[in-house]
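Undergrad: Turn this into a structure:
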Amino acid sequence: MSPEYQSWTKEQLIARLNELESYPQASASTKKTTSSTKITTVTSPQKKTFDFTSHPRRKIAVKFCYSGWEYNGLAFQNGPTPLPTVEEVLFNAFAKTRLVDPDKGLDGCGWERCGRTDRGVSAAGQVVSLWPSMRQPSREETRSELRYVSILNRVLPPTIRVLAWSPISSTFSARFNCQSRHYKYFFSPQELDLGLMQQAADRLVGEHDFRNLCKLDPAKQITNFNRRVLLAKISPISDHLCVFDLRGTAFLYHQVRHIMAILFLVGTGLEHPSIVSTLLNVGKETNSPSELDNSPLEIVDRKPEYQMADGLPLMLWDCAYSDSDVQWQTDIDTGESGTGSELYHQLHSIYARSSIHTALDAHFLSAAAQLHSHPPQRFPFSHTGLALSTIPVLLKSKERPVLSVPLGGGTFKRTAKYIPVLLRKRLDHVEVANERWRVGKGERREERKNVADGIPQTEYDGDE
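TA: Here you go, the predicted structure:
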């Protein structure tokens, strides 16, 4: 959702120029920090200081969408990042509109996100909860209720759009009150057997230990990898696009992208659908036999090495809450010129231009196809009748051809010799990796924290 200034009206362009010119110079900017979270905001020394203590606060939840490829992930980072984070931009919008005190940072307003998305990953229904100020509305704003959607979207870039908000109880948590999270992963069905992929996806439903289908991060010291999947379904959207819907109560780090990587291997025919059941069998032999040789499934208590799928096609579609917890509402729309119509028009305009780009890219491919031959189709094996052992050798070199194994988002892993997942090198056991980090980087991090807090190291016990 990048800015499309060509489609803006003259009035919109003038308003945008005025907004940019109103920003103070970098020399006049002030860095606001708290002890736990640092947020950089730009303030003008000429403006009268806003007294947040004179206004009461109320707790709300905000639903918003964002283009992940434009940001360095969702979560605010203490150090410098190549791109801004979504939370940094969104918090600054709250601060600029005097809904939160920039001096107190994220912690000062009780900021809490529903779920974290990494760099490149988008969201259509992300949610944060916080305590904004109940400042008096301006003349342009409704007197009965603040128009949070229009207030925030007025200062946010087009790549982040606030969709709705809800009043919530003081005990509500955007993270822990969430009943389920729904992810969508879009991919091309070319050279994939969707039926085999669905057979593999069916094995995900239910509660399982997903340690072999996520990224293991010892810094988080996770010991419980059990998660419940409610839905795992592959559906065609068009002849050229499919979507994998995955809904669960909670997810592990990079879990969706690891699952998609395995589904791609199944779709090509490089792995059997039973690979999912085997990777979920982490601690005991199961009575369910393998579909390959009718023997008990292998125990896989350590994760095999494999590359996860690309992050660009992944979207956090929705965060579901009880109707008694949230009642999503938008600003009062006054017709064609209302806030809701304007927001829809903006997003539809972006979609229309993206469709044009897709059509142009398709014609580039058609032009190339007139002069360059299509590479031989080897996947899926279920359609071509091939197998790893029967792929024809190259005529000139007499060697096996390089295989392009899909990773999603138009990316591939090229390999001349495919090694089955269960035969690959395996990572350390979770307990071993966690302990090595705890007595290494973990202890050093705790020592630095204690020094910063003024605690003498002779009084510090690393096990506390």
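Undergrad: Please spell out the segments of the stretch 1-150 of the chain that come in under the pLDDT threshold.
TA: For the stretch 1-150 of the chain, residues meeting the criterion pLDDT under 70 lie at 1-48, 135-144.
Undergrad: ok, which stretches of it are helices?
TA: Ranges of helices in the stretch 1-150 of the chain, per DSSP state H, counting those that start in this stretch, are 10-21, 86-96, 105-108, 148-153.
Undergrad: For the stretch 351-464 of the chain, give me the ranges with low pLDDT.
TA: 450-464.
Undergrad: residues in contact with R438?
TA: Each residue near R438 by C-beta atoms under 8 Å, 6 or more residues apart in numbering is listed here: 218, 221. From N, CA and C alone the C-beta is placed, and that goes for glycine too.
Undergrad: quick check, it in a strand?
TA: No - R438 is assigned helix when assessed by DSSP: H, G, I helix; E, B strand; the rest coil, not a strand.
Undergrad: what's the spacing between T249 and M260?
TA: Noted for T249: a distance of 19 Å to M260, by C-beta to C-beta, to the nearest Å.
Undergrad: of the two, who's got more company?
TA: The neighbour comparison of T249 against M260 (other C-beta atoms under 10 Å) goes to M260, with 27 against 14.
Undergrad: ok, that one - contacts?
TA: M260 neighbours (C-beta under 8 Å, 6+ apart): 185, 187, 244, 308-309, 314, 408.
Undergrad: Next, the nearest residue to it once chain neighbours are set aside: secondary structure please.
TA: Distance criterion C-beta to C-beta, 6 or more residues apart in numbering; nearest residue to M260, sequence neighbours excluded, is A309 at 3.9 Å. State at A309, reduced to three classes by three-state DSSP: coil.
Undergrad: Which residue, neighbours along the chain excluded, lies closest to the one residue sitting closest to the centre of the chain?
TA: The centroid of the chain falls nearest to T117 when counting by C-alpha atoms, centre = their mean (2.9 Å). Nearest residue to T117, sequence neighbours excluded (C-beta to C-beta, 6+ apart): L74, at 4.6 Å.
Undergrad: Hmm, the one you found is touching E88, no?
TA: No - using C-beta atoms under 8 Å, L74 is not in contact with E88, being 9.8 Å away.
Undergrad: Tell me which of those two has more neighbours.
TA: L74 (25 against 22).
Undergrad: Next up, phi/psi of the more buried one, please.
TA: phi -80, psi -50 (degrees, to the nearest 10).
Undergrad: Distance-wise, check it relative to G283.
TA: Distance from L74 to G283, by C-beta to C-beta: 33 Å.
Undergrad: Verify the stated contact: the residue nearest to the centre of the chain with G68.
TA: Yes - the pair T117 and G68 passes the contact test of C-beta under 8 Å, sitting 6.3 Å apart.
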